[in-house]
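[1] model this:
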Amino acid sequence: MKHLLVSTVLVFGAATPGFAGKAFVTNERGNTITVVDTQTWEVTGEFFGGNRPRGITVSPDGTRLYVCASDDNLVRVFDTATYRELPSLPSGPDPELFVIEPSGKRLYIANEDDNLVTVTDTEDRTVLAEIPVGVEPEGMGISPDAKWVVNTSETTNMAHFISTEDYEIKHNVLVDQRPRFALYTADGTRLFVTSEIGGTVTVMDIDGQGKPTVAGKISFEVPGVLPEWLQPVGARVTQDGRRLFVALGPANRVAVVDVQSLEVTDYILVGQRVWQLAFTPDEKYLLTTNGNSNDITVIDVKREKALRSVPVGDQPWGVVVID
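    Residues are numbered from 1 along each chain as shown. Take a look at the predicted model:
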């Protein structure tokens, strides 16, 4: 009977009551979203997520799931309780990553093909602005006060600081080759930009006016792993701003960095081609998407130890967790 129930969920995408929390994983090649119970670590559902789903986030109230359906050229929207699809949002061509402002009103979306950041109103489902940026924009970060959005452009090798007041670029900072991800600390005083091919994380101090200054760079070295495999992509920083976790792609490791000293303190072995990361809301666990092993790894944050892997769909890319 249990097997029949799970099969029904997988086919029809029905919600299962009683979750302590849910992780939603986009499967880039499988065109699906896998749902994982974060108490039991069991897969409880899977539903169509659009064509080539990658970036994923939720509304601040946790009721709506937003997915960059890259080959559909739109953002698909789902109810997080029922998995029912809601009216989609315009995104511009080839959306890859995005950020949502704390109010939930606006999405800032990187359009890789057209060298634009599209600003979309989530309530009116309209495009508010299209902001020209560098070549192949990908990473998106937003400051805690929502006054700044940072886009990283892969080919331009630059972080663009966009004012959310007038949608104008105010600062440009050169970083290492192929920047993938931008992330502020919770207090907004630091920003991290990962560079996949450069093999580094650029660290910037942010002053009271939002202006960035490069404070240093983090590099990586793992015995027995070729340097060209050490490719920083996704990253997450703890709420207290003390530890940074960095996914290292084909190195199959997550690096743990002391934010004060900018020193790597540990490497955690995870699945193959680790790409994106997400904390559970209580920061007890960190989840990694592993694109070549088709699973996620569950990391105990306090112990900095991988606990288990959970098979998901075909080429998992993005992950987000809700209570």
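[2] wait, residue 25 touches residue 318, no?
    Yes - using Cβ atoms under 8 Å, residue 25 and residue 318 qualify as a contacting pair, with a distance of 7.2 Å. No exception for glycine: its C-beta is placed from N, CA and C like everyone else's.
[3] would you mind grabbing the residues shared as contacts by these two?
    Taking Cβ atoms under 8 Å, 6 or more residues apart in numbering as the contact criterion, the residues that touch both residue 25 and residue 318 are 56, 289.
[4] more neighbours: those two, which one.
    Taking residue 25 and residue 318 together and counting by other Cβ atoms under 10 Å, residue 25 has the greater number of neighbours (30 against 26).
[5] partner residues bridging that one?
    Assessed by DSSP bridges, residue 25 has beta-bridge partners residue 34, residue 319.
[6] so who does it touch?
    With contact set as Cβ under 8 Å, 6+ apart, residue 25 has these partners: 33, 34, 35, 36, 56, 289, 296, 312, 313, 316, 318, 319.
[7] of the residues you listed - the most surrounded one?
    Counting by other Cβ under 10 Å, residue 316 has the largest number of neighbours within the contacts of residue 25, with 33 neighbours.
[8] tell me the contacts of that residue?
    When the contact criterion is Cβ under 8 Å, 6+ apart, the partners of residue 316 are 25, 26, 27, 28, 34, 275, 289, 290, 291, 294, 295, 296.
[9] quick one: which of those sit in strands?
    Secondary structure assignment (DSSP state E) places 25, 26, 27, 34, 275, 289, 290, 295, 296 from the contacts of residue 316 within strands.
[10] quick one: the fourth one from residue 83, how far?
    In this structure, residue 34 lies at 11 Å from residue 83, with Cβ to Cβ, to the nearest Å as the measure.
[11] list residues touching both of those two?
    residue 45.
[12] residue 188 is in contact with residue 150, correct?
    No - applying Cβ under 8 Å, one finds residue 150 not in contact with residue 188, separated by 11.4 Å.
[13] tell me which of the two has more neighbours.
    When residue 150 is set against residue 188 and neighbours are counted by other Cβ under 10 Å, the residue ahead is residue 150, at 29 against 17.
[14] quickly run through the sheet partners of the helix or strand encompassing that one, with directions.
    Under DSSP states H and E, the secondary-structure element containing residue 150 is strand 148-153. For strand 148-153, sheet partners with direction are given as strand 137-142 (antiparallel), strand 158-163 (antiparallel), following DSSP bridges.
[15] right, so of those, which gets closest to residue 230?
    Smallest distance to residue 230 across those (Cβ to Cβ): 18.0 Å, for strand 137-142.
[16] so for the closest one, mean pLDDT?
    The pLDDT scores in strand 137-142 average 97.
[17] check which residues of that strand are buried.
    Using 16 or more other Cβ atoms under 10 Å as the test for burial, strand 137-142 gives 137, 138, 139, 140, 141, 142.
[18] how close does residue 66 sit to residue 198?
    The separation that residue 66 has from residue 198, given Cβ to Cβ, amounts to 29 Å.
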